[in-house]
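**Student:** The sequence and its predicted three-dimensional model are supplied below.
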Amino acid sequence: MSACEFESLEESLESHLPEAELSEVKRILFGKETQKLDLPSCAVSAASERDFELKGFRFEAAQEQLRPPRRVRVGLIQNRIVLPTDAPILDQINAMHSRVGEMVEVAAMCGVNIVCFQETWSDHALCFLHPRERTMDGVCGLAKKYNMVVVSPILEREGLHSTLWNTAVVISNSGHVLGKSRKNHIPRIGDFNESTYYMEGDTGHTVFQTQFGNIAVNICYGRHHPLNWLMYSMNGAEIIFNPSATVGALSEPMWSIEARNAAIAHHCFTCAINRVGTEHFKSEFTSGDGKKAHHDFGHFYGSSYAAAPDGSRSPGLSRTRDGLLVVEMDLNLNRQISDKWSFKMTGRYSEYAEELTKSVRPGFKPNIVKE
Ligand SMILES: NC(=O)NCCC(=O)O
């Protein structure tokens, strides 16, 4: 079986482990079990007709006496490209818009309040040639129509000098652009040599206050930087989205750990969304890493999931299919876990800040005791 045919870790465990062992394995691997959401039958049949996976799970929090629950439904959308990479650009754009549009419609049927698409969802190559406004108009319309906050990661072309940023635009459920978060760590690894075309983001660690909670966006490669997650959380993020585009050979063993670890470390929810499929390019390319010239990046393995501050995580979407993951989270869980584990209270942040500042200054001498 090739890497792009293997459906998912969960499916493999379920089909091979005896029932009694399966629940223990899942408890140890995935934490407290997330309950399946009862999704409306119109949504289930629409997803099946439109040929994408639909899954829904709930993270529970304890009932509190002084605060009502703060339940939010989040939708994570992963999708493959619709047309080949050499189809006319406008056809590719339109096809992608209608594909994602029909998935958002199903998210609305499922009562989703905040939806997040994968990194540069309307495609890297397209966005270069494609004025941002066109993408934005359509997405703002969806946000307003469905009363949904939309996190829309795009390629942003800015200003007279055409600076290119890898940006997530956050659109309020009113249909207005609330703001944007630019990718602040740009990869220089393998075929992801993005530093040749994107600038390092300059929007800091912005958090967006929405009707459904305070959200932030840590784009793709930013998830490898623990301090990046920390800073979104320091600014009050209750849910941090990680729209990504990454391939199996490079990052798959890290995928299930990084966003989940951030949820644990910062008492917040995190949502990791990855592209899916293998995309072929007519022209061969190399990335100066000793590999032979090739026509694709490898397999984008999907596997989008959400993680909670108590260390639990939802099952992932498929590694091979388009999908919508609906996750209900009670944001009260963040403070409940913070009261229990107190990482924010016990963290020695001013001490780290002081030592860190010294360590990046010229002449820094590491604190090592030698015999
Ligand atoms: N899109 C992107 O930043 N990819 C880099 C590879 C990775 O971080 O897994």
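**Tutor:** Cool, got the structure.
**Student:** what's the pLDDT at whatever residue of the stretch 1-150 of the chain ends up closest to the ligand?
**Tutor:** Closest approach of the stretch 1-150 of the chain to the ligand (CB to the nearest ligand atom) occurs at Glu119, with a separation of 5.5 Å. Just so you know, the C-beta spots here come from the backbone N, C-alpha and C atoms, and that holds for glycine as well. Per-residue pLDDT puts Glu119 at 97.
**Student:** With Ala20 instead?
**Tutor:** Listed pLDDT for Ala20 reads 89.
**Student:** how near is it to Arg313?
**Tutor:** Distance of Ala20 to Arg313, computed by CB to CB, to the nearest Å: 22 Å.
**Student:** Those two: which has the busier surroundings?
**Tutor:** Arg313 (25 against 8; other CB atoms under 10 Å).
**Student:** Next up, the contacts around the closest residue to that one other than its chain neighbours.
**Tutor:** Closest residue to Arg313 apart from its sequence neighbours, by CB to CB, 6 or more residues apart in numbering: Ala307 at 4.4 Å. Residues counted as contacts of Ala307 (CB atoms under 8 Å, 6 or more residues apart in numbering) are Ala259, Arg260, Ala262, Ala263, Ile264, Phe269, Thr270, Cys271, Ala272, Arg313, Ser314.
**Student:** Buried among those? Make that a PyMOL selection.
**Tutor:** The PyMOL selection below is limited to those of the contacts of Ala307 classed as buried (16 or more other CB atoms under 10 Å):
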select buried, resi 259+260+262+263+264+269+270+271+272+313+314
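**Student:** Among the contacts of Ala307, which ones are in strands?
**Tutor:** Per DSSP state E, strands hold the following members of the contacts of Ala307: Phe269, Thr270, Cys271, Ala272.
**Student:** between those, which is nearest Ala61?
**Tutor:** Lowest distance from Ala61 to those (CB to CB) belongs to Phe269, with 10.8 Å.
**Student:** show me the residues around the closest one that make contact.
**Tutor:** 59, 74, 238-240, 263, 306-309, 329, 331, 333-334.
**Student:** same thing with Asn261?
**Tutor:** So Asn261 contacts Pro226 (CB under 8 Å, 6+ apart).
**Student:** Get me the contact residues on the stretch 251-371 of the chain for the ligand.
**Tutor:** By CB under 6 Å from any ligand atom, the residues of the stretch 251-371 of the chain that approach the ligand are Ser251.
**Student:** what's the neighbour count on Val177?
**Tutor:** Neighbour count of Val177, defined by other CB under 10 Å: 16.
**Student:** what residues are up against it?
**Tutor:** Residues near Val177 by CB under 8 Å, 6+ apart: Met136, Cys140, Val169, Val170, Ile171.
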